[in-house]
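> The following block contains a protein sequence and its predicted model.
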Amino acid sequence: METATVEKKVWKECGRKAPKIREIINGYTEPKKILIVFWHGVGDLLMFLPLYNYLRSHFNKHNFDLGLLPGVGHKHIVSEGLELPEVDFVKDHDVCFVISFPMIEGSNTMTKVEHCARLEIGFDQTQHFDGMYANITRLPQLSPVRNKLIGVHFQGTCLPGSTNPHPELAKQIWDDLVDAGYVPIDLHFEHVFHNPVNKRFPWSTRTCRELKPSLETLQMVIERCFAVVAVASGPFVISMCVKPQRTVYLQKHHTVDCYIKGFTNVVDIRNYKKENLLALLEGMHNG
């Protein structure tokens, strides 16, 4: 498919019957601005990135960009990727190659990366990889991400009337965490002392209720959370034993001084403001 000029081309058939990408690029005598379009999912992108980086280093006189499918959310994996609609494939580039990256059904002779390297790009294992062939089949290491898992507990067992927020407020707190990019998980276990008034909230999509109740399991979940936001309850006390600096007390009628003196990570749910809760969590990230 060609655009208004002969020079600007979109090569969509770089497979067995078409010229390989390497053969086409080898024909350029002047540096080109080249777009490699990879409209595939995150898993395929992770497998393709080492090959893409090798392609750039092999043809280092050219300027390469990587075109990604808009809306898939690749930015964490490759921050310099361009999220481009198809109409813009050659808008700012001299030439564009669309990578097929097919699954080779029924064949175990080549991985998807090897198939792309040999049959789409045109690299030969012995002649062109200069000892780097193993590197293109090795998955890249992703950088650690900011932990956004938040354990929440809205339902104290013994005195639910004086500790628990109203269900509408509990949902607001949950939604405020989600809107801020956090991943809340309900720490409520239906243990031997479970109060039947503490029913599961219909909007609580992540919960420990289905797990076999044990202190070991609760501690394990709390340890893996970045922080815990809880009312006066067992999970709050356990969190104070595991990560006191990353525990937020949702205070209703029982002040935090009933548990520990001088503790300041407190949100008064009788006068709840999401800014107060989110500021405490942000301070934990920056502290």
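Structure's in. What do you need?

> mind checking pLDDT for the nearest residue to residue 197 once chain neighbours are set aside?
With C-beta to C-beta, 6 or more residues apart in numbering as the measure, residue 160 is the residue that lies nearest to residue 197, at 5.7 Å, once sequence neighbours are left out. Where you see a C-beta, it was placed from the backbone N, CA and C, and this is true even at glycine. pLDDT recorded at residue 160 is 85.

> for residue 160, what are its contacts?
195, 197-198 (C-beta atoms under 8 Å, 6 or more residues apart in numbering).

> mind giving me TSV with the residues you listed and columns for neighbour count, secondary structure and pLDDT?
Below are these laid out as TSV (neighbours: other C-beta atoms under 10 Å; DSSP: H, G, I helix; E, B strand; the rest coil; pLDDT from 0 to 100):
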residue	neighbour count	secondary structure	pLDDT
195	14	coil	85
197	10	coil	86
198	17	coil	89
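
> which phi and psi does the residue nearest to residue 197 have?
Residue 160 adopts backbone torsions of phi -60, psi -30, taken as degrees, to the nearest 10.

> what helices or strands is the helix of greatest length in the chain leaning on?
Using DSSP state H to define each element, the chain has its longest helix at helix 42-58. Packing partners of helix 42-58 (3 or more C-beta pairs under 8 Å, 6 or more residues apart in numbering; DSSP states H and E): strand 33-38, strand 63-68, helix 112-115, helix 133-136.

> Turn these into JSON lines, including distance to residue 269 and mean neighbour count.
Compiled in JSON lines, the helices and strands packed on helix 42-58 are given as follows (distance: least, C-beta to C-beta, whole Å; neighbours: other C-beta atoms under 10 Å):
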{"stretch": "strand 33-38", "distance to residue 269": "48", "mean neighbour count": "22"}
{"stretch": "strand 63-68", "distance to residue 269": "43", "mean neighbour count": "20"}
{"stretch": "helix 112-115", "distance to residue 269": "51", "mean neighbour count": "18"}
{"stretch": "helix 133-136", "distance to residue 269": "54", "mean neighbour count": "16"}
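
> so can I have TSV of those showing mean pLDDT and distance to residue 238?
Compiled in TSV, the helices and strands packed on helix 42-58 are given as follows (pLDDT from 0 to 100; distance: least, C-beta to C-beta, whole Å):
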stretch	mean pLDDT	distance to residue 238
strand 33-38	92	46
strand 63-68	92	43
helix 112-115	86	45
helix 133-136	73	46
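
> Between the ones you listed, which one is closest to residue 253.
With C-beta to C-beta as the measure, strand 63-68 is the member of those nearest residue 253 (52.0 Å).

> Partner strands of the closest one and their direction?
Its sheet considered, strand 63-68 pairs with strand 33-38 (parallel), strand 82-83 (parallel) by DSSP bridges.

> And these: which comes nearest residue 116?
strand 33-38 (9.8 Å).

> where's the closest residue in space to residue 47 that isn't next to it in sequence relative to residue 66, distance?
Excluding its sequence neighbours, the residue lying closest to residue 47 (C-beta to C-beta, 6+ apart) is residue 113, at 5.3 Å. Counting by C-beta to C-beta, to the nearest Å, the gap from residue 113 to residue 66 is 15 Å.

> And residue 57, by the same measure?
14 Å.

> Ok, residue 42 next?
In terms of C-beta to C-beta, residue 42 sits 14 Å off from residue 66.

> picking up where we left off before, present the strands paired with strand 63-68 as a markdown table; the columns should include distance to residue 138.
What follows is the strands paired with strand 63-68, written out as a markdown table (distance: least, C-beta to C-beta, whole Å):
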| stretch | distance to residue 138 |
| --- | --- |
| strand 33-38 | 18 |
| strand 82-83 | 25 |
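
> So which of those is nearest residue 94?
strand 33-38 (5.0 Å).

> between that closest one and helix 42-58, how big is the angle?
Counting by axes from the mean of the first three to the mean of the last three C-alpha atoms, to 10 degrees, strand 33-38 lies at 160 degrees to helix 42-58.
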